[in-house]
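J.: Predicted model and sequence below, questions to follow.
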Amino acid sequence: DVKVTQSSRYLVKRTGEKVFLECVQDMDHENMFWYRQDPGLGLRLIYFSYDVKMKEKGDIPEGYSVSREKKERFSLILESASTNQTSMYLCASSRSDGYTFGSGTRLTVV
Amino acid sequence: QQPVQSPQAVILREGEDAVINCSSSKALYSVHWYRQKHGEAPVFLMILLKGGEQKGHEKISASFNEKKQQSSLYLTASQLSYSGTYFCGTVTGGGNKLTFGTGTQLKVEL
């Protein structure tokens, strides 16, 4: 089974902190994605990557950056956390078909 | 732009059927369907590619009307285990980047 692992299930950070959310997949997938999920808004794409060192902005990239130094790892960075970034963050990977999602990180910014 | 899903919520008695619709304002390359149970990650159900096909997965099937830019998910003889939030995701350009709808909450009761 493909496994996508997100390093933290719950995270509480202070406003202004730099936050790193880590995601690792073990099936050699080229494509990796970061979404945030908020009630009533569904899943919205923040950033994605089709290859190592490659990144592209999704629909809501403001306030975020990403890093993909190795094929299996895709990190989401909140440069200066704000309260409106309180959300559930989901990482996903795929080859050419369906996505496999991680369990999510519920981030609270206080 | 996010695809529009309808209905937003539906309650069924066990054994009843349901249809969930997904409509896009853009031309579609493919449509994915996912189910998310409370507190869990979304799980891939099926993918439909350009060509107006229909796919099946146990008692859950889906159709894709490329001309109308729509897809429908059909759940027949619903079971308690079908409860959850269903999301469609659409690919409207090159690559494998999904834009998700806001979800349909489905509850199956005895």
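T.: The structure has been received and is ready for your questions. Because the structure is a prediction, the values reported are computed rather than measured.

J.: going forward, measure contacts between C-alpha atoms and count neighbours the same way
T.: Noted.

J.: Find the closest residue to chain B in chain A.
T.: Scanning chain A for the residue nearest chain B gives residue A:42, at 4.0 Å (criterion: CA to the nearest CA).

J.: How many residues are close by that residue?
T.: Residues contacting residue A:42 under the criterion other CA atoms under 10 Å in any protein chain shown number 20.

J.: Near chain B, which residues of chain A? Just list them.
T.: Applying CA under 8 Å from any CA of the partner chain, we find that chain A lies next to chain B at A:31, A:40-45, A:48, A:90, A:96-104.

J.: rewinding a little: could you check how far the residue of chain A closest to chain B is from residue A:14?
T.: According to CA to CA, to the nearest Å, residue A:42 and residue A:14 sit 25 Å apart.

J.: Buried ones among the residues of chain A next to chain B?
T.: For the residues of chain A next to chain B, a burial check counting by 16 or more other CA atoms under 10 Å in any protein chain shown picks out A:31, A:42-45, A:48, A:90, A:98-104.

J.: Now the two most distant members of these.
T.: A:31 and A:42 (20.6 Å; CA to CA).

J.: quick one: low-confidence ranges for chain B?
T.: Applying pLDDT under 70 to chain B flags residues B:52-57.

J.: give me the residue from it nearest chain A.
T.: The minimum distance from chain B to chain A, using CA to the nearest CA, falls at residue B:102 (4.0 Å).

J.: Please name the bridge partners of residue 73.
T.: Here I'm looking at chain A. residue A:24, residue A:70 (DSSP bridges).

J.: Sorry, I should have been clearer: chain B.
T.: Beta-bridge pairing for residue B:73 (DSSP bridges): residue B:20, residue B:62.

J.: Closest to residue B:60 out of the buried ones among the residues of chain A next to chain B?
T.: Scanning these for proximity to residue B:60, where the rule is CA to CA, the winner is residue A:98, at 16.3 Å.

J.: Helix, strand, or coil at the closest one?
T.: Secondary structure state of residue A:98, per DSSP: H, G, I helix; E, B strand; the rest coil, is coil.

J.: Just the strands from the chain, written as ranges.
T.: This is for chain A. Assigned by DSSP state E, the strands in chain A fall at A:4-6, A:10-13, A:19-21, A:23-25, A:31-38, A:42-49, A:56-57, A:64-70, A:73-78, A:87-94, A:100-101, A:105-109.

J.: should've been chain B
T.: B:4-6, B:9-13, B:18-23, B:30-36, B:43-49, B:54-57, B:60-65, B:70-75, B:84-91, B:99-100, B:104-109.
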